[in-house]
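J.: Need a 3D model of the sequence below.
(chains A, B and C)
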Amino acid sequence: MIRLAGVEKVYRTDRIETVALSQIDLEVAAGDFVAVMGPSGCGKSTLLNLIGLLDAPTRGSVELAGKPVASYRDRDVSRLRNETIGFVFQTFHLIPDLRVLDNVELPLLYRKMSAAERRARATRALERVGLASRLQHFPTQLSGGQQQRVAIARAIAGEPRILLADEPTGNLDSQMGDEVMGLIEDLNRKDGVTVVMVTHDPRQAEKAHRTIRIFDGRQVAC
Amino acid sequence: MLRSHLRLALAVLKRRKVFTAISLFGIALTLLVLIVAGALLDNVFGAFPPEVHHDRTLLVFNVRMSGKDAQSTSPAGFGLLDRYARDLPGVERLAITSTMREAFSYQGGRKQRLFLKRTDAEFWRVLQFPFVEGAPFAEAEVDSGARVAVINRTMRRTFFGDGPALGRDLEVDGLTYRVMGVVEDVPMLRAVPFADVWVPHSSGRDQAYRSELQGEFWGLLLARSAGDFPGIQSEFRSRMQRIDLSAYPEFERLNATPETLLASTSRMMFDAHDDPESRPDRLLGVFGLLALLFLALPTINLVNLSISRILERASEIGVRKAFGAPATSLVGQFVLENVVLTLLGGVLALLAAPLVLAAINQSGVLPYAQLALNLRTFALGLGLAVFFGVLSGAYPAWRLARLHPVVALKGAAR
Amino acid sequence: MILHLLRLVWHRKRQSALLLAELFASFLVLFAVVLGGVVAADNWRRPLGFEFEDVWFVGVRPSSGERRDEGLGSRDLLALRDAAREFAEVRAAAYVDPAPFQLSQWMDGGRIAGRRVTWRMARADDGLPAVLDLKLVAGRWFSREDDGAGAKPMVVSESFARHVFGTTDVVGRDATAEQEREDAAPPEKRRIVGVIADFRQDGELMGPQHYAFQRAEPGSGELRRLPRVLLVRVAPGSGVALEERLLRRLERERPGYTFQIEPLAQMRSSRNATGLIPLATGGVVGVFLMLMVALGLSGVLWQNVTQRTREIGLRRAHGAAAADVFRQVLAEVALLVTIAVAAGAALVVQVPLMDLVSGIRPGVFATSLALAVLGLYGLALASAAYPARLAASLEPADALRYE
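T.: Okay, here's the model as predicted:
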C-alpha cells in the first residue's frame, strides 16, 4: 500500500542544510497498522508528511496504492490526497467557524458530489465515532476527546484507504486517548484501513502491528 | 461547495467583528465615493427627461475652422445649422438652441441673475419638457420674432410668486418678454435642455446671427433610430467639406461632427476636432483610469487587511490542503470571501449614497440638481463592489493558497 | 537597535512590502491634499494687487454678426465710456480685457533679455489705475505720451520684472520677445513704462504668475482687438437702482448692443466658491482615505502582534520591560514610515526639480512636504499605539504558552 525507497529529505535555508531524513526504505502492506516512534525532532513528522504527500522528498521515491507518485504538481497530489488519505492531527485542526457536520464534510467538498450525498456520508462518519447527536455543534462546544473523534470522522468521511495520524492522543488524557485509539484500531480491523501513526506513547504504540523507530533521521530497528 | 463557502465566509466575518468593521468602513467609503461620482456622470451623460429621445439624438456642438496659422473652435453658428443641417437622410427633426448664457433682470427693482437659451420651435418637440402651465412657443412666434418666453418653476416663484404667470411680462437684459409657458426645473448638469428662461432665437436685438458659421448655437438631430447615426454623420461631414470658406482667407478647413454628448465631450477634452471618428471610449477610459487610481490606496489597504484575516486561519488552509483542496479551489474560496465582504460594503454604500446625493442636491452647488440612485447607478455600485472584491482578494488568495501545507498546519505562516 | 529592527522588517519582507506600499500610497495622497491646502492658504493671504469693492463689471456685447476677432469700434467704446462717466456716482470708468474674476485668460510668452518667460496679460486703457487702485512700484501707467510711440508700451508686474531682469528698476527697458524662428513674423517692439505690484486677475486663489498690461486706449491708434469690458468705480453704497439706470443709459447709447452689469465683489465670491469646490472635495475624500488607512493599519498591526506572541514572550522572558515591547512595536512602524516617506519624498521632489508644475513656490512645497511627513508619522504611530499597548500588556508566561 505504501512504499518508500531510498527516501531522503533535506531542508535548505540560506546558509545551512538540515538533513531531516535519510535512506528511508519502508513498506507498509494494505491493512497494516504501523506505529512510528522516536525522540522529538528525529524526523517522525517529516516521514508522515512525505507519506501524506504534504511534502516532496529530496531524493528517493514514494509509492502509494501500488502507483509511484510521479508528479508533485498541486493538482495531482491534491487529488491523490483527497481520494486515498485521511489525516488526524495532534491539535485536531478543526475549523472553528464551521459546525461539526460541515467540518466532517470538508474532504467531500473537493469531489464531484451532491450536497445530499455529502451530508449523508458525513452523518454516517459521525455516527461511526458516536457523535451523531452533535452535528450542529461548533468544535469549541466539545471536549478534547470529542473534537478528536470529529477529526477522525472527517478523516474517514472520504473513505480513504490510508489513515495518517500524528500523535492523535498527544493532547488528550489517558481515558479519552484510549477511546480515540479504540476507534483507530476498529477502523483498521473492521474496515481494513492502513494506519500509520506517529506517537510518543509506548502504550499506544503497542496497539499497532509493528513499530518503526527513527533516530536522527534514520530508521534504527523494526 | 459554494453554499458551504458562503456560510463559512459569513461565519468568519461575524466572528472577527473588529476586522470586519474596519474593512467594511473602508470598502463602504470607497464605494460611496465612486457611486456618487458615477451618479454625477450618469446625470451629465445619461438619459433623463426631458431628453426622452436621448438614445437617438445626435448633437452638433463645436465647429472647428483651421488654416496654416489660425484655428478657431467655437459652438456652431445658426447659419451653419440652418443651411447645412436640414433634411439630412434619416433625421426626423432638427432643433436649434443657443448655448446657455448668463442674463440679468431688474424686474421690480430687484436684480436677478438667470440663465437664458434662445431656441427654435422644434426644440420643444425633440425635448419633452413637462409643462406646469401654458405651452411652448411654436413656429409662428419664432418666425415673427415675438418676445415670448418659457420659464422654469423657480423663476415663476422668483418673479410672480406662486400664482400663475401666463401672459405676465418678464424683463431680461433690457427686453420685455411675455410668459407663454412654465416648465419644471431642469438640472444644470443637463447641458442640452438646461436654462431658467427660454426665448425664440429671433427675439433678440439683431438678426445678424442668422448667417454665422461659428457662433453660439447647438444643433440637435433626432434620428429615426440609432442605426442611422453613421449615415447621418458621414453625410453631415461631407456637407461641411463643401462649405464655401472664401470669406475666411485664413481658414482652409471646417470640421464638425454630429455625435452623442459623451463623444463630443471626449472630442473637446482631447482637442480632436478634426478626427472623423467619434471616440467616446477615450473619455470612458479616462474615467476608468481615474477610478482605478482612486482605488489604488483602498485596494492595498484591503489587501493588507485580508491577508491578516486569512493568515489567522493558516491552519485551516493546511487542513484543507491535507484533505485534497487544490490551490485553485482555495483561491476561489478566499476571493469569494472577499467579494462577500465588498458586496456587504457595497450595500452599505448604496444605503448611504442617497443621503450624500440628497445633501449635494440641497447644497445648491449644482443648481436644480436632482441626483438620485437609479437602476444604472445601483448596478454600477454592485459591479464596482464585485470588481473591488476580486481586485483586492486575488493577491491575498493567490499568496495564501500557495502556502506550503506543512507550514500552514504549524500556523507559522509569514 | 535599528539594525535589529531592519533585520526583522527584512525577514517579514512580503508583509512589510505591502505595508510599505500602503504607507507610500498614503504619503502621496496626504501630500497631494496637504499641498493643495497649503497652496490655497498661501495664495489666500497675499495681496490681490487691486481693489474690487465698489467696482462694477460692465460686459459689452456688440450686435452679433461681426467677426469674432474684431472688436468694437473705437468710436463706440469712447461713446459708451463717456456715457458712463456722465453719472455723478461713477467715480471712474476704464476698459480692460479680460477683467478681474473673469473666467477668460490671455497667455503670452517668449524669450526676453535672454530669459524665457510666460505671462498672463490684459489690455487696458489709460484710466484703469483710477478704477482698480493699482499700485505702481516704478515708472508710470499708460498715457497720451504713448500715442504713436515706436515700441508698444507695457506695464509689467513686479514678479515679471524680477524674473526677467532681476530687479524692479526696469522702466524704459526693451521687452521685445526674441525672434525664435526664421520664418516667423518679426516680433512686436515693446518697451516697459511702468511696474505694478503683482496683479492677480483670478483672485485670491490664483497662484504666482507673471502679469503684464498692454495699452488699449480707444482712439489712440490702430488696434486690432479692443476690450469688451468696461469697469466702473461707483460711490460706496450704490445699488441695483444705479445699475439699472446705468444699463438703460448704455442701451440708449448703442441700441443694438447687450450690456451686463455685475459687481466685482459678487464675481469674486462665485469665482472663489468654484475654486474651492475641488479643494473641499479633495480634502473630504483625503480625510476619509486617511481614516481608512489608520483603521486598516491598526487592524493589520493588531493581527501582527497576536501572530508574534511567541517572539514577544521570548523578549519578555529575556528581560525586555513592557515599555521596551511598546517602544519596539512603535519603532518598527516608524521604521516602515521612514522608508515609505523617503521613497515618497524622493518621488515628489521630482515635481519641482523637473519643473513639472510651475506656480508652486519652493517654500510652499517644502512646508507641504514637512507637513505630510509629520502627518504620516502621526497617523501611523497613532494607529500603532493600540496594538503596541496590547503587545506590551502580554504576560511573558502566557505569551510563550500561546500557540
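J.: centroid residue for chain A?
T.: residue A:164 (2.0 Å; C-alpha atoms, centre = their mean).
J.: buried sites along the helix or strand hosting that one?
T.: Taking DSSP states H and E as the definition, one finds residue A:164 inside strand A:162-166. Using 16 or more other C-beta atoms under 10 Å in any protein chain shown as the test for burial, strand A:162-166 gives A:162-166. From N, CA and C alone the C-beta is placed, and that goes for glycine too.
J.: Relative to it, what are the paired strands and their orientations?
T.: strand A:85-88 (parallel), strand A:194-198 (parallel) (DSSP bridges).
J.: Quickly note the distance from the nearest residue to residue C:277 once chain neighbours are set aside to residue B:357.
T.: Spatial nearest neighbour of residue C:277, chain neighbours left out: residue B:365 (6.6 Å); criterion: C-beta to C-beta, 6 or more residues apart in numbering or on different chains. To residue B:357, residue B:365 is 12 Å away according to C-beta to C-beta, to the nearest Å.
J.: now residue A:108
T.: Distance from residue A:108 to residue B:357, by C-beta to C-beta: 48 Å.
J.: Phi first, then psi, for whichever residue of chain B sits closest to chain C.
T.: In chain B, the residue that lies nearest chain C is residue B:208 (2.3 Å; C-beta to the nearest C-beta). Dihedral angles of residue B:208 (phi, psi; degrees, to the nearest 10) stand at phi -70, psi -20.
J.: Next one: it, what pLDDT does it get?
T.: Turning to residue B:208, the model gives it a pLDDT of 78.
J.: Count residues in the vicinity of residue 100, would you?
T.: Just so you know, I chose chain A. For residue A:100, the count of nearby residues is 25 (other C-beta atoms under 10 Å in any protein chain shown).
J.: was after chain B, sorry
T.: For residue B:100, using other C-beta under 10 Å, the count is 21.
J.: give me every residue that touches it.
T.: Neighbour list for residue B:100: B:115-117, B:191, B:194-195 [criterion: C-beta atoms under 8 Å, 6 or more residues apart in numbering or on different chains].
J.: please redo it, this time with the cut-off set to 6 Å
T.: B:115, B:117, B:195 (C-beta atoms under 6 Å, 6 or more residues apart in numbering or on different chains).
J.: State the distance from it to residue B:121.
T.: Taking C-beta to C-beta, one finds residue B:100 at 19 Å from residue B:121.
J.: same deal with residue A:8?
T.: 93 Å.
J.: Comparing the strands paired with strand A:162-166, which comes out most buried?
T.: strand A:85-88 (a mean of 27; mean count of other C-beta atoms under 10 Å in any protein chain shown).
J.: what stretches of the chain score poorly on pLDDT?
T.: By default, I'm working from chain A. Counting by pLDDT under 70, chain A shows low-confidence ranges at A:221-222.
J.: meant chain B actually
T.: Those would be B:411-414, if you go by pLDDT under 70 across chain B.
J.: so who does the residue in it positioned nearest to chain A touch?
T.: Of chain B, the residue with the smallest distance to chain A, taken as C-beta to the nearest C-beta, is residue B:324 at 2.3 Å. Residues counted as contacts of residue B:324 (C-beta under 6 Å, 6+ apart) are A:78, A:81-82, A:110.
J.: Now tell me which helix or strand of chain C has the poorest mean pLDDT.
T.: helix C:396-401 (a mean of 67; mean pLDDT, DSSP states H and E).
J.: Near chain C, which residues of chain B are found?
T.: B:19, B:22, B:26, B:29, B:33, B:104, B:106, B:111, B:173-174, B:205-206, B:208-209, B:296-297, B:300-301, B:304-305, B:308, B:414 (C-beta under 6 Å from any C-beta of the partner chain).
J.: ok, for residue 214, nearest residue in space, not its chain neighbours?
T.: All of this is about chain A. residue A:38 (3.9 Å).
J.: You answered for a different chain; I wanted chain C.
T.: Residue C:214 sits nearest to residue C:123 (C-beta to C-beta, 6+ apart), 5.1 Å away.
J.: Can you tell me the element the one you found falls in?
T.: Here residue C:123 is assigned to strand C:115-124, by DSSP H and E.
J.: Check residue B:116 too.
T.: Going by DSSP H and E, residue B:116 is part of strand B:112-119.
J.: Which residues outside the helix or strand just after that strand are in contact with it?
T.: Counting by DSSP H and E, the next helix or strand C-terminal to strand B:112-119 is helix B:123-126. Helix B:123-126 has contacts (C-beta under 6 Å, 6+ apart) with B:93, B:95, B:97, B:136, B:220, B:222.
J.: Give the pairing partners of the next helix or strand after helix B:123-126; include direction for each.
T.: Moving toward the C-terminus from helix B:123-126, the next helix or strand (DSSP H and E) is strand B:131-134. Applying DSSP bridges, strand B:131-134 is found paired with strand B:175-183 (antiparallel).
J.: And the strands in the chain, which stretches?
T.: Just so you know, I chose chain A. In chain A, the strands defined using DSSP state E lie at A:2-12, A:17-28, A:33-37, A:59-64, A:67-68, A:85-88, A:162-166, A:194-198, A:210-215, A:218-221.
J.: sorry, should have said chain C
T.: Under DSSP E, chain C gives strands at C:55-61, C:90-97, C:106-112, C:115-124, C:136-139, C:152-157, C:190-196, C:211-215, C:229-234, C:258-263.
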